[in-house]
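Colleague: model this:
(chains A and B)
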Amino acid sequence: MTETFDIVIVGAGITGCAIARQLARYDLSICVVEAANDIALGASKANGGLVHAGYDPAPGTVKAQVNARGCELYGTWAQELGFLFCRTGSMVLGFNDEDGAQLEQLRCNGLANGVPELSIVGPDRIHELEPRASADATCALWCPSTGFVDPFEVAIAALENAVANGVTFMRSAPVEAIEVAPGAGDGSGDGTARFTLVTPTGDVRCRYLINAAGNGAANISHMAGAEEFQMVWRQGNIVVLDKEPRALMPLYPVPTPVSKGVIVTGTVHGNTVITATAAVRDPGDTQTYAGDVNALLTGARKLVPDLDTRRVVSAFAGGRPVIQGTNDFFIGQSAVVPGLFQAAGIQSPGVASAPAIAERMEQVMRDAGVVLRERDDWNPIRRAPDDFDRAPLARKEELIESDPAWGQIVCRCETVPEAEIVAAIRRQPGAVSVEGVKRRCRAGMGRCQSGFCQSRVVAILTRELGCNPSEVLLEDAGSWLVEGPLKGVR
Amino acid sequence: MEEFKSSAIDCGVVEAVQTQAFDVVVIGGGPAGMAAALAAHKAGARVAIVEREQHLGGILRQCIHPGFGLSHFKQELTGPEYAQRFIDQVRATDITLFLDCMVIGIDSGEPTEDAAVHTVTLMSPASMLRLTGRAVILAMGCRERTRSEIKIPGSRPAGVFTAGLAQRYINIENLKPGSRAVILGSGDIGLIMARRCTLEGISVEGVYELMPYANGLRRNVKNCLDDFGIPLHLSTTVTRVIGHDRVEAVEVSRVDEHLAPIAGTERIVPCDTLLLSVGLIPENELSVAAGVELDPRTRGAVVDQSLQTGVSGIFACGNVLHVHDLADNVTTESERAGAAAAAWALDGGAGVGATGPGCQLTVSPAGIAGYALLGRITAVALTKLNFRVRRPVDAARVRILAGDEELFAGKVRPFKPSVMESFPLPAKVIQRALDLGVSEIVLSVDPVEEA
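Modeller: This is a model prediction of the structure:
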């Protein structure tokens, strides 16, 4: 069976989810097609969660525009979509006069990009803003608009809101081929679908195609006969440390030509994240490397000397989708295949830019003649699901009263009760794997890394999905956790 | 500007929450909690045990192998049997059990002199509850070190389990985690799991150990590896996990004397499962939130002779205090904590540790001693000190030092890191240190050159 939509968005990373959410307000049928079995499993998964302010992209680039604007939009998006966002401000620490000169340059860059309230501060102010910042720092670029989010939560919240507004989500549907019917591709005429996407889960047809496939964007463009992007897998390792009584303000070193360097930041959940190394590696390489992890820990201690780097909760890696030859994002209609809209090369700062990329995509489509008629029943609000750990005591009481499963703690490290896990599975789109549960409600995210709760989460998934334990996946297809019953056990 | 809100528990007053009063509230219903509760009960205290699982017994419930009880009961028992003896005793008393309940905070109020009462807030499937007690015993046990903490590089597929999680799958859930396993770490759980896997038809390709010696008890190396022909590869570690969705292999490498992998020694071992037995860490998040000071070496509380922490009326015992070698030793230690907590609760600490104003000594480790417990001595009395050595030696002696002066020297004998050593410190040594006017004594374990 082939379903037909006005728009198909390829990729349910933070970019695709944000675009889906942005376009869901219009009278259009939309489908998000995702190769993996869940949201944000590509570049969005291995991410530090920083909402960079936008002072470092080169002025005039697309990146510079969407980064600063994205950072600005996060406040509204967080309110409407019910995700956590902390606008703490950040500092780029300088340790000598040379760094000081670079910071001044960065400040000018930021001003050109429209980043508000940038200033250079000295040691006293540095200490006041973040007492744990290195005492060796002689100067810093203070940027009040920087913040951080949980990138999974943003992508999930955006897609949940889109789905609540009628968007279809098709998971485990890697695009294997794209057929493009001849035509103007401007959606005019009889409105017949121009694109047919072949996937193992079924084919989908659409009038307009949006390529938000992250590291797969070059392949999608190629399959559609459009621009030939050469992608570079600029791999980054990231380390998460255990929770602190107070989340650290994001602290950056002076950036290098290819990356922002090793950044230390608090997270919305109170952990500390050290992000990220940058090395060109084989496409698809998500391995962590001893050298990278050590570089992160060493770099972090330079910014925050009292950081207890023994308390590593998790280390992981991902690839930034970089288009070779440009450091910029490509957001626009394909010059080769009209009707195909590209959001390609969305490397860092993709998370920070996501709301603005969506806004820009909307504008690009409108300019291309796509009819965007507002629906009168669009609901911009997504109510955040109950987060037991963060709920005030009175709310906890209420929840337990409503259902004893709220009082049954499954994940002790993050205080996640059974009812919250069940809710994560039943949400639309819900979790279908152990990691999917973790990304939605943090069960297994803590210091024991699911050592205590994994078997209980598996049991809940088994019950909710109506499957056998051997069919429960850690993440995507093939990631089985247990082989089956022991011999002699029926 | 959005304000950062920590997830710290809002301990504000909620009138609806029911409060029950006890003398001693024990947090944790494993071997430590049960032994402590029984001892406190025996001393006449009204006792509550809070346990997050639906059953008492803690991790012993999944330790179905024998080897428990040899010293405490003079009889070899399995973990569940050992636990059951205590469960039966607890059930025979009026100790109040709060099962399926998780403590979310301990509030000790203002640190006033005698009237200090601790309030333990917990959640149950029925409701939130508050328990008050003059004394609280921390007996939450420990957790396993994870892959991330030891920073094993490589991919992150399914099939990497801590040994305890695999033990739970096999012994509690009746599920087979894989077919072909590699075990990293020769700690006791790793050794026990090597045998357990083999018995369940899971082929164990080998046990790999970073150190040049086995970390588990000698008897476990023999009974679990040697008897089953499972190879133990010393000075070798896993340097890469391979496999995208499920573990397909691990890369192992030999390490040099600084424990750094030696380039060129890499070897690929095909497997679908990697079990980690790479250490245990006391679970003290609750303790820290309650203001208890930790020893960075043990990662457990700093305690005095009565196993009282730096917060008056809060005691600690078992693996939450320091990682023990045998459950029997947990029991013995916890009985002491229970008795001391009851004494504190019932007569305000008179007689508990007899905190003389003149006696305040800290104890530090030196030489090859990895830690020294107790961290604090507050009474002139025969005192049991525990420690572990960091590496095995054939000949060494325990020395107690105060400044430059040697107060005591023990017999020369071998020491192993797998054994939790117990050393009786005579009262006269403590008195001598006080006479010298020092504030610290050092427990040093020093290798002796053999003649």
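
Colleague: quick one, domains of the chain?
Modeller: Since you didn't name a chain, this refers to chain A. Annotated domains of chain A cover A:1-86+A:147-230+A:325-384, A:87-146+A:232-321, A:393-471 [automatic domain parsing].

Colleague: The intended chain is chain B.
Modeller: Chain B is divided into the following domains under automatic domain parsing: B:18-142+B:281-347, B:146-278, B:361-447.

Colleague: all strands for the stretch 351-451 of chain B, in order.
Modeller: Under the criterion DSSP state E, counting those that start in this stretch, strands of the stretch 351-451 of chain B are mapped to B:361-367, B:369-373, B:376-377, B:383-389, B:393-402, B:405-409, B:413-415, B:421-425, B:440-447.

Colleague: So which of the domains of chain B is nearest residue A:258?
Modeller: Residue A:258 lies closest, by CB to CB, to one member of the domains of chain B: domain B:146-278, at 22.1 Å. In short, each C-beta sits where N, CA and C put it, glycine included.

Colleague: Quick check: end-to-end length of the closest one?
Modeller: In domain B:146-278, first residue to last residue: 8 Å (CA to CA, to the nearest Å).

Colleague: quick revisit: for chain B, find the nearest of the domains of chain A.
Modeller: Taking CB to the nearest CB, domain A:393-471 is the member of these nearest to chain B, at 3.6 Å.

Colleague: now the closest one: mean pLDDT?
Modeller: What domain A:393-471 shows for mean pLDDT is 96.

Colleague: Kindly report the same for stretch B:368-376.
Modeller: 92.

Colleague: So which elements touch the biggest helix by length in chain A?
Modeller: Across chain A, the longest stretch assigned as helix under DSSP state H is helix A:62-81. Under the contact definition 3 or more CB pairs under 8 Å, 6 or more residues apart in numbering or on different chains; DSSP states H and E, helix A:62-81 sits against strand A:50-51, strand A:85-86, strand A:147-149, helix A:151-164, strand A:330-333, helix A:350-367.

Colleague: Just put these in JSON lines and tack on mean neighbour count and mean pLDDT.
Modeller: Shown next, in JSON lines, are the helices and strands packed on helix A:62-81 (neighbours: other CB atoms under 10 Å in any protein chain shown; pLDDT from 0 to 100):
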{"stretch": "strand A:50-51", "mean neighbour count": "29", "mean pLDDT": "98"}
{"stretch": "strand A:85-86", "mean neighbour count": "23", "mean pLDDT": "98"}
{"stretch": "strand A:147-149", "mean neighbour count": "28", "mean pLDDT": "98"}
{"stretch": "helix A:151-164", "mean neighbour count": "26", "mean pLDDT": "98"}
{"stretch": "strand A:330-333", "mean neighbour count": "21", "mean pLDDT": "97"}
{"stretch": "helix A:350-367", "mean neighbour count": "23", "mean pLDDT": "98"}
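
Colleague: Could you dump those into a markdown table and include distance to chain B?
Modeller: Shown next, in a markdown table, are the helices and strands packed on helix A:62-81 (distance: least, CB to the nearest CB, whole Å):
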| stretch | distance to chain B |
| --- | --- |
| strand A:50-51 | 11 |
| strand A:85-86 | 5 |
| strand A:147-149 | 7 |
| helix A:151-164 | 14 |
| strand A:330-333 | 27 |
| helix A:350-367 | 15 |
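
Colleague: Ok, which of these comes nearest residue B:297?
Modeller: Of all these, it is strand A:147-149 that lies closest to residue B:297, at 33.5 Å by CB to CB.

Colleague: Find the nearest non-adjacent residue to residue B:434, please.
Modeller: Distance criterion CB to CB, 6 or more residues apart in numbering or on different chains; nearest residue to residue B:434, sequence neighbours excluded, is residue B:359 at 6.3 Å.

Colleague: Is that neighbour in contact with residue B:430, as I believe?
Modeller: Yes. Residue B:359 is within contact range of residue B:430, at 7.3 Å (criterion: CB atoms under 8 Å).

Colleague: neighbour count winner among these two?
Modeller: The residue with more neighbours, out of residue B:359 and residue B:430, is residue B:430; 24 against 20, by other CB atoms under 10 Å in any protein chain shown.

Colleague: residues contacting the closest residue to the more buried one other than its chain neighbours?
Modeller: Distances taken as CB to CB, 6+ apart place residue B:380 nearest to residue B:430, at 5.0 Å, with adjacent residues excluded. Residue B:380 makes contact with B:356, B:359, B:427, B:430, B:431, B:434, according to CB atoms under 8 Å, 6 or more residues apart in numbering or on different chains.

Colleague: With residue A:275 instead?
Modeller: Contacts of residue A:275 (CB under 8 Å, 6+ apart): A:47, A:48, A:50, A:236, A:238, A:239, A:262, A:263, A:265, A:296.

Colleague: how about the fifth one, phi and psi?
Modeller: Spelled out, it's residue A:238. As for residue A:238, its main-chain torsions (degrees, to the nearest 10) stand at phi -140, psi 140.

Colleague: Run through the bridge partners of it.
Modeller: Beta-bridge partners for residue A:238, by DSSP bridges, are residue A:275, residue A:316.

Colleague: Return the per-residue confidence for residue B:268.
Modeller: 98.

Colleague: wait, doesn't it sit right on residue B:249?
Modeller: Yes. Residue B:268 lies in contact with residue B:249 (CB under 8 Å); the separation is 5.1 Å.

Colleague: who touches both of these two?
Modeller: In contact with both residue B:268 and residue B:249: residue B:242, using CB under 8 Å, 6+ apart.

Colleague: Going by neighbour count, which residues of the longest helix seen in chain B are buried?
Modeller: Across chain B, the longest stretch assigned as helix under DSSP H is helix B:327-347. The neighbour-count check on helix B:327-347 (16 or more other CB atoms under 10 Å in any protein chain shown) flags B:327-346 as buried.
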